[in-house]
Each structure stands twice: as C-alpha cells, then as structure tokens.
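Enquirer: Attaching a predicted model along with its sequence, questions to come.
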Amino acid sequence: MKTQTRTEWPDKFSDVEDLDERMTRPDAALVEDLNRIKGDIILLGVSGKLGPTIARLAKRAAPSRRVIGVARFRDGGSRDYLEQHGIETISCDFLDRDSVARLPDAENAIFMAGLSPQKFGQGPNEALMWAMNTYVPSLIAERFAHSNIVCFSTGCVYPFVSVYSGGATEQTPVQPPASTYANSCVGRERIFEHFGRRAGTPHCIVRLNYAIDMRYGVLHDIAVRILNGEAIDLTTGNVNVIWQGDAASMALRCLLRCSVPGTVINISGPETVSVRAVAHRMGELLGREPILEGRESDMGWLVNTTQAMREFGYPQVSLGRLVAWTADWTGRRMPTFSKKTSYEARPTDFAAGGR
C-alpha cells in the first residue's frame with residue numbers, strides 16, 4: 001500500500017458542480033494503479049448513482065485511456081454529463097443478448113448493472129430483479145471472459161452479525177437472512193465465480209456498504225428526517241458508510257486486484273457507525289432536536305474493511321467530515337436525488353437493498 005497525500009477539503013460545497021468536481025479528483029495512488037493496468041475501461045450500468053463518479057474519476061486519473069460508459073440511458077442527463085467529461089457512451093439493453101454481444105472489447109470491465117427493491121416502485125417485479133441480478137451477469141461474464149472484471153455486490157449477502165463484532169469479513173460464509181434481494185445478489189456473485197473459473201477470467205467482487213453523496217445516502221436520510229421533524233427508527237442502529245469518491249477510487253483500484261479464482265473485498269468506512277450518535281450530531285449542526293424511536297438491535301448488516309484498509313489505506317474523507325458536509329448541504333436545501341436508501345429496512349420488512 002502506498003502512502004497517500006492528504007487532501008485539503010472545504011468546509012462545504014458551493015453547488016453540484018463543486019461537489020462532483022471534488023468527488024472525481026484522483027489521488028496519486030489511483031493514478032499509479034491505473035497506470036499499471038493495460039487497455040480500455042468499460043463501465044456497465046454507468047447511469048446509476050455511483051457510475052458517473054467512477055467514470056469521470058477514471059478519465060481524470062488516466063486521461064489518455066479510453067473510458068466507455070454503457071447503460072440504457074433512459075434520461076439524457078447522465079449521458080450528456082458523461083460525454084461532456086470525455087467518456088464515450090453506448091446505449092444497451094443488458095437483457096438483450098445481441099445488444100451485449102455488440103459491445104466493444106475492453107481489457108477492463110466494471111459491472112454495476114442490477115435491480116434492487118427501491119427501483120421497482122410499488123409492486124416489485126421479482127422475476128425482473130432475478131433476471132437483472134443473475135441472467136445479465138451470465139451474459140456479461142461470457143462477453144468479457146477475457147477481461148479483468150470488477151463486479152459490484154453488497155454487504156447484504158452476509159448474515160446479520162453482532163454490532164460488537166467489527167462486521168463480517170470476506171471469510172464470513174455468505175448466508176443472508178430471508179431476503180429475496182440479498183439472495184439474488186448471492187446469485188450474481190456465484191454467476192461471476194462460475195464463469196470466472198470456467199474461462200479463467202480474473203475478477204473481483206466488491207461488497208459495498210453505503211456510499212455517501214451529499215444528495216443521497218444514509219446520512220442524507222437522517223438529516224432530512226431531522227429537518228422534516230420525522231421520527232428516526234433506531235432498530236437498525238448501526239451502519240457502515242464511505243464517501244462516494246473514496247468508494248469509486250477503491251473500485252477502480254480493484255482492477256489491479258482481479259484474480260483467478262476471484263477476489264472478494266468489502267468496501268466501506270472502517271467504523272461501525274451509530275445511527276443515534278449521528279442523529280444527535282446532525283441535530284446539533286442543524287439546530288433541531290432529532291426524534292428517535294425504538295431500540296437498537298444488537299445484530300445488523302455490517303462489514304469489516306480491514307482488508308480494504310490494508311490495500312488502499314484509510315478513506316480520505318472522515319466520518320465526521322461526511323456528517324458535517326451532509327448537515328450543511330441538507331440544511332441549505334441543496335439538490336437531492338429524492339431517493340431513500342431504506343437502510344432501516346430489515347428482511348422482515350421487505351427484501352432489503354439500497355447499497
């Protein structure tokens with residue numbers, strides 16, 4: 001692991017452009033790692049919340065490298081944003097085998113396509129979710145059998161662990177609670193594992209727990225509830241979070257850590273974060289008293305990030321800074337994605353997702 005030069009961070013972001021620019025500033029470690037891999041980078045499912053950040057970050061870290069973003073691009077905003085920053089874009093229906101077959105070759109692929117309950121709206125279509133989370137990975141694994149593949153997964157594939165345990169490690173058996181979504185995510189991992197072994201495809205499974213963007217995330221959800229005078233359920237009393245810029249950088253650096261058989265790595269912040277403590281601090285910063293309900297469970301979906309810290313170092317942005325930034329952003333009623341993480345939902349509520 002290389003020693004990272006610390007960045008001077010602002011106290012707040014002036015606007016969305018300032019936020020995006022800061023999230024996509026590469027550090028020396030990322031530039032060095034991308035210089036060590038060969039070939040183009042293709043981002044599959046690039047139009048989600050994390051995809052544009054990874055794409056722009058990759059292009060800034062390796063400006064001479066071809067970076068290709070692929071998605072259905074139902075709304076033109078994300079496609080325009082990507083193209084403005086030098087990323088080539090291709091429209092593709094990942095459920096269409098012929099469309100996937102026509103995608104260009106690339107030595108490096110990052111797979112982010114998938115479906116979680118939050119994307120269903122009312123009346124979840126579980127068959128579509130399983131198709132997106134298992135069938136599509138099989139098409140991608142076959143199409144990019146000779147590439148390095150980084151596949152995004154979720155900490156939901158783990159069982160609940162004690163909040164005092166430090167979180168599930170990469171060696172913890174994958175046995176999620178009764179959750180259709182979580183089990184479909186296990187299926188996604190197993191598909192890449194199977195095809196990786198069969199074709200000798202180097203790959204890395206990234207189990208991400210809650211990337212934080214000022215416009216979205218667990219901290220944003222807590223801040224909005226405080227501002228709106230809404231109760232915060234403490235049943236899910238502990239979470240893991242990480243600055244989206246740090247998560248994007250680590251994911252790109254995983255391209256250098258693909259292997260046969262595949263590598264698994266948990267990506268999040270190193271802390272087991274108390275929702276109660278965050279709510280109280282947010283309340284102080286926002287000048288509002290949080291309304292807290294329920295009692296913390298001693299079990300939760302938590303990950304241990306010792307391996308990631310060993311590989312990549314401590315995240316550049318600390319938890320305290322993330323809380324302060326989020327309080328400032330929401331307090332000024334800045335733009336949001338208007339999407340909840342549903343971090344507090346547990347398998348007894350619905351098929352929890354939202355990573």
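Expert: Thanks, I have it. Predicted model, so just to flag it, every value in this text is computed and none were measured.
Enquirer: Would you check that my belief about residue 25 contacting residue 60 is correct?
Expert: Yes: assessed by Cβ atoms under 8 Å, residue 25 is found in contact with residue 60 at 7.0 Å. C-beta: built from backbone N, CA, C; applies to glycine.
Enquirer: which helices and strands does the longest helix anywhere in the chain pack with?
Expert: Determined from DSSP state H, the single longest helix within the chain is helix 180-199. Helix 180-199 sits against helix 126-130, helix 136-143, strand 148-154, strand 203-208, with contacts defined as 3 or more Cβ pairs under 8 Å, 6 or more residues apart in numbering; DSSP states H and E.
Enquirer: quick one, the longest one and strand 148-154 angle?
Expert: Looking back up the chat, that one is helix 136-143. Here the directions of helix 136-143 and strand 148-154 differ by 170 degrees (axes from the mean of the first three to the mean of the last three Cα atoms, to 10 degrees).
Enquirer: Show the average pLDDT along stretch 25-36.
Expert: Averaging pLDDT along stretch 25-36 yields 97.
Enquirer: Identify each buried residue in the helix or strand hosting residue 220, please.
Expert: Using DSSP states H and E, residue 220 maps to helix 218-228. Across helix 218-228, burial judged by 16 or more other Cβ atoms under 10 Å covers 218, 219, 220, 221, 222, 223, 224, 225, 226, 227.
Enquirer: do you know how far residue 232 is from residue 327?
Expert: 14 Å (Cβ to Cβ, to the nearest Å).
Enquirer: The two: which is more packed in?
Expert: Applying other Cβ atoms under 10 Å to residue 232 and residue 327 shows that residue 327 carries more neighbours, namely 27 against 21.
Enquirer: quick one, what contacts the more buried one?
Expert: 223, 281, 282, 285, 286 (Cβ atoms under 8 Å, 6 or more residues apart in numbering).
Enquirer: Then residue 204?
Expert: So residue 204 contacts 148-151, 254-255, 257-259, 262-265 (Cβ under 8 Å, 6+ apart).
Enquirer: quick one: the strands in the stretch 251-355 of the chain?
Expert: With DSSP state E, counting those that start in this stretch as the definition, the stretch 251-355 of the chain shows strands at residue ranges 263-267, 273-274, 291-293, 299-300.
Enquirer: The first one: partners in the sheet, and parallel or antiparallel?
Expert: What it means is strand 263-267. strand 203-208 (parallel) (DSSP bridges).
Enquirer: Run the angle between the partner strand and helix 180-199 for me.
Expert: Going by the same axes, to 10 degrees, strand 203-208 makes 160 degrees with helix 180-199.
Enquirer: distance of residue 314 from residue 262?
Expert: 25 Å.
Enquirer: Settle it for me: which of those two has more neighbours?
Expert: Taking other Cβ under 10 Å, residue 314 and residue 262 do not tie; residue 262 has more neighbours (19 against 13).
Enquirer: quick one, what contacts the more buried one?
Expert: Per Cβ under 8 Å, 6+ apart, neighbours of residue 262: 192, 193, 196, 202, 203, 204, 205.
Enquirer: Excluding sequence neighbours, find me the nearest residue to it.
Expert: Closest residue to residue 262 apart from its sequence neighbours, by Cβ to Cβ, 6 or more residues apart in numbering: residue 203 at 4.3 Å.
Enquirer: Let me know whether that neighbour touches residue 264 as I believe.
Expert: No: with contact defined as Cβ under 8 Å, residue 203 does not count as touching residue 264 (9.8 Å).
Enquirer: before we move on, the earlier item: output the buried residues of helix 218-228 in TSV, with pLDDT and distance to residue 290 appended to each entry.
Expert: Listed next are these as TSV, based on pLDDT from 0 to 100; distance: Cβ to Cβ, whole Å:
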residue	pLDDT	distance to residue 290
218	96	14
219	97	13
220	97	14
221	96	12
222	97	8
223	97	10
224	96	11
225	97	8
226	98	5
227	97	10
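Enquirer: any idea of the pLDDT on residue 296?
Expert: 95.
Enquirer: give the contact list for it.
Expert: Residue 296 neighbours (Cβ under 8 Å, 6+ apart): 163, 234, 235, 237, 238, 275, 276.
Enquirer: Which of these are buried? Put it as a ChimeraX command.
Expert: Here is the ChimeraX command that picks out the buried ones among the contacts of residue 296, judged by 16+ other Cβ under 10 Å:
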select :163,234,235,237,238,275
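Enquirer: Could you single out the nearest of the contacts of residue 296 to residue 341?
Expert: Looking at those and their distance to residue 341, the nearest is residue 275, at 12.0 Å (Cβ to Cβ).
Enquirer: Settle this for me: the closest one is touching residue 238, isn't it.
Expert: Yes: if you go by Cβ under 8 Å, residue 275 and residue 238 touch, sitting 6.7 Å apart.
Enquirer: Would you mind pulling up the elements that the helix holding residue 220 packs against?
Expert: Secondary elements touching helix 218-228 (3+ Cβ pairs under 8 Å, 6+ apart): strand 211-212, strand 231-233, helix 275-286, helix 319-331.
Enquirer: of those, which approaches residue 242 most closely?
Expert: Checked against Cβ to Cβ, the stretch from those lying closest is strand 211-212, at 5.9 Å.
Enquirer: what's the offset of that closest one from the middle of its chain?
Expert: From the chain centre to the centre of strand 211-212 is a distance of 7 Å (Cα atoms, centre = their mean, to the nearest Å).
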